[in-house]
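Asker: Sequence and predicted structure, then a few things I'm wondering about:
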Amino acid sequence: MKWNFWIRQLHRWTSIIFTVIVAAIFIALGVGKEPVQWVYFLPLFPLALLLLTGLYLFALPYAVRWRSGQGTAGEA
């Protein structure tokens, strides 16, 4: 199984969902209709997923280099 591919796809689709939710909240505010209080909490779950998958994708190249024994680019 290609975990990196699925985590990257999850990150991409979650970012789309997060953007749509935030845009919908701004549109509802622009129309003048005050949404119910729980609507403001909707972006938190996708945002938490984006944090976790983003940190994983950020650390992935460093982990690959560390596993292969190459070290970092700054080492002699």
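Answerer: Great, that's in hand.
Asker: which helices and strands does the helix or strand that contains Phe18 pack with?
Answerer: When secondary structure is defined by DSSP states H and E, Phe18 falls within helix 3-31. Taking 3 or more CB pairs under 8 Å, 6 or more residues apart in numbering; DSSP states H and E as contact, the helices and strands that helix 3-31 lies on are helix 44-68. Heads up, the C-betas are built off the backbone N, CA and C, glycines and all.
Asker: Tell me which other helices or strands the helix it packs on touches.
Answerer: Counting contacts by 3+ CB pairs under 8 Å, 6+ apart, helix 44-68 packs against helix 3-31.
Asker: Not counting residues beside it along the chain, what's closest to the residue nearest in space to the middle of the chain?
Answerer: Most central in the chain under CA atoms, centre = their mean is Leu50, positioned 1.9 Å from the mean C-alpha point. If the residues on either side of it in the chain are set aside, Leu50 comes closest to Thr14, at 5.4 Å by CB to CB, 6 or more residues apart in numbering.
Asker: related to what we said a few turns ago, quick check: mean pLDDT across the helix holding Phe18?
Answerer: What helix 3-31 shows for mean pLDDT is 94.
Asker: again, but for stretch 47-62
Answerer: Averaged over stretch 47-62, pLDDT sits at 94.
Asker: Tell me how far it lies from the chain's centre.
Answerer: Shown here is stretch 47-62, whose average C-alpha point lies 7 Å from the average C-alpha point of the whole chain (CA atoms, centre = their mean, to the nearest Å).
Asker: Need the residues that contact that stretch.
Answerer: Taking CB atoms under 8 Å, 6 or more residues apart in numbering as the criterion, the residues outside stretch 47-62 that touch it are 4, 7-8, 10-11, 14-15, 18, 72.
Asker: With distance to Gln37 and neighbour count added, can I get those residues in TSV?
Answerer: What follows is these, written out as TSV (distance: CB to CB, whole Å; neighbours: other CB atoms under 10 Å):
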residue	distance to Gln37	neighbour count
Asn4	38	12
Ile7	32	16
Arg8	34	15
Leu10	28	15
His11	29	16
Thr14	23	19
Ser15	25	16
Phe18	19	18
Thr72	47	8
